[in-house]
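Visitor: Build me a structure from this.
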Amino acid sequence: MSTLVLTHADCIEHAPPEGHPERPDRLRAILAMLEADPFNALIREEAELGALEHIARAHPEDYISLIEGSRPEDGLEPLDPDTWMGPKSWDAALRCVGAATRAVDVVMEGDVDNAFCAIRPPGHHAESNRAMGFCLFNSIAVGAHYARDVHGAERVAVVDFDVHHGNGTQDIFWNDEDLFYGSTHQMPLYPGSGSKSETGVGNIFNAPLSPGNGGEQFREAMNTVVLPALDAFSPNLIMISAGFDAHHLDPLANIELTEQDFGWATLKLMELADDHCEGRIVSMLEGGYDLKGLTASCGVHIQALMHGGVLED
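Guide: Numbers count the residues shown, from 1 in each chain. Now for the predicted structure:
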């Protein structure tokens, strides 16, 4: 199997205030981990700057202009209490979009089996016209629209196992029956959305977890809610909002997953991708704030993408 990793140094230059959990060291740690021997077979590319016309598939132009106009020449500009822009944040956000569209290109065209976008800031909290939760543009939603509009993917699915509900992706997909959103997440927790009753037009499938839940409850939620719905949806492309903050070491939540739970979920999604869309998967980094838990989980996730199985150390 062939796996492409897309990243760019601009994504490290996006620097929120000192002490912010969504810090540059997150991506530094992942990129350092990917220099180890098990990852030698990865194909690697630098992400280009995403085009504004592609962002406009998921966000209105006045919102795009607002984000661009919020970029400070120096210092930091708050967009909400959690979400900040510095001088390099605009370029970092564009690299995230560029990674998403390039990943969709190569996967849909069959140049690689799957792709992982090692990028930041994350995106799944960004609603169509609102930045929040560390997120500026909803890169995975941009990628999903791009896959439909440019590559003719009639049905695109996003599966989100970040511990925080992807309210932004849900918002952007809400009225579109050909876009699927399935999520496991802790509830109650930020941003407060993600109940089972939130179903859109029958295309939204939320499987909330309770504080203290672990791998058994996570796998049950995937097996009883998300995976059957995804199977019935029969996607032409599966995209993953790969947040690793449900790991038991993470400081921002109370779910007790191990890295092997993320590996299991990845393999299950790969099985459905094989059944419905010739194995096509695009995965994008979202959360994960304990560096040990993040790198261990991300490493298992990428090894599963590379080999269709989880390698031992």
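Visitor: those strands in the stretch 101-250 of the chain, which residues are they?
Guide: Under the criterion DSSP state E, counting those that start in this stretch, the stretch 101-250 of the chain contains strands at 114-117, 156-160, 179-186, 204-209, 237-242.
Visitor: Could you dump the ones you listed into TSV and include distance to Glu216, mean pLDDT and mean neighbour count?
Guide: Heads up, the C-betas are built off the backbone N, CA and C, glycines and all. Putting the strands of the stretch 101-250 of the chain into TSV (distance: least, Cβ to Cβ, whole Å; pLDDT from 0 to 100; neighbours: other Cβ atoms under 10 Å) gives the following:
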stretch	distance to Glu216	mean pLDDT	mean neighbour count
strand 114-117	27	98	28
strand 156-160	19	99	29
strand 179-186	13	98	27
strand 204-209	11	98	23
strand 237-242	21	99	28
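Visitor: Now that we have those strands, can you turn them into a markdown table and tack on distance to Phe39?
Guide: Shown next, in a markdown table, are the strands of the stretch 101-250 of the chain (distance: least, Cβ to Cβ, whole Å):
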| stretch | distance to Phe39 |
| --- | --- |
| strand 114-117 | 10 |
| strand 156-160 | 23 |
| strand 179-186 | 26 |
| strand 204-209 | 30 |
| strand 237-242 | 16 |
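Visitor: Glu198: which of these is closest?
Guide: Glu198 sits nearest to strand 204-209 of all those, at 5.7 Å, using Cβ to Cβ.
Visitor: So which residues make contact with the closest one?
Guide: Applying Cβ atoms under 8 Å, 6 or more residues apart in numbering, the set of residues contacting strand 204-209 from outside is 165, 170, 173-174, 180-187, 194-196, 198-199, 217-218, 221-222, 224-226, 229-230, 246, 255.
Visitor: Ile302: which of the strands of the stretch 101-250 of the chain is closest?
Guide: From the strands of the stretch 101-250 of the chain, taking Cβ to Cβ, the stretch that ends up closest is strand 114-117, at 5.5 Å.
Visitor: which other helices and strands contact the closest one?
Guide: Contacting strand 114-117 under the criterion 3 or more Cβ pairs under 8 Å, 6 or more residues apart in numbering; DSSP states H and E are the following elements: strand 3-7, helix 89-108, strand 281-285, helix 291-307.
Visitor: So for Gly212, which of the ones you listed sits nearest?
Guide: Nearest of those to Gly212, taken as Cβ to Cβ: helix 291-307 at 16.6 Å.
Visitor: Same question for that closest one: list its buried residues.
Guide: Within helix 291-307, the residues that qualify as buried are 291, 293-306, counting by 16 or more other Cβ atoms under 10 Å.
Visitor: how distant is that helix from the center of its chain?
Guide: Helix 291-307 has its C-alpha centroid displaced from the chain centroid by 14 Å (Cα atoms, centre = their mean, to the nearest Å).
Visitor: now do stretch 27-39
Guide: 18 Å.
Visitor: ok, and what's touching that stretch?
Guide: So stretch 27-39 is contacted by 5, 7, 11-12, 42, 118-120, 285, 291, 294-295, 298-299, 302-303, 306, 311 (Cβ under 8 Å, 6+ apart).
Visitor: what's the answer for stretch 105-113, then?
Guide: Taking Cβ under 8 Å, 6+ apart as the rule, stretch 105-113 contacts 1-4, 43, 114-115, 147, 150-151, 153, 237, 278-282, 305.
Visitor: ok, now which ones touch the most centrally placed residue in the chain?
Guide: Geometric centre of the chain, nearest residue: Ser241, 2.6 Å, by Cα atoms, centre = their mean. Counting by Cβ under 8 Å, 6+ apart, Ser241 makes contact with 123-124, 140, 158-162, 166, 169, 183, 284, 286.
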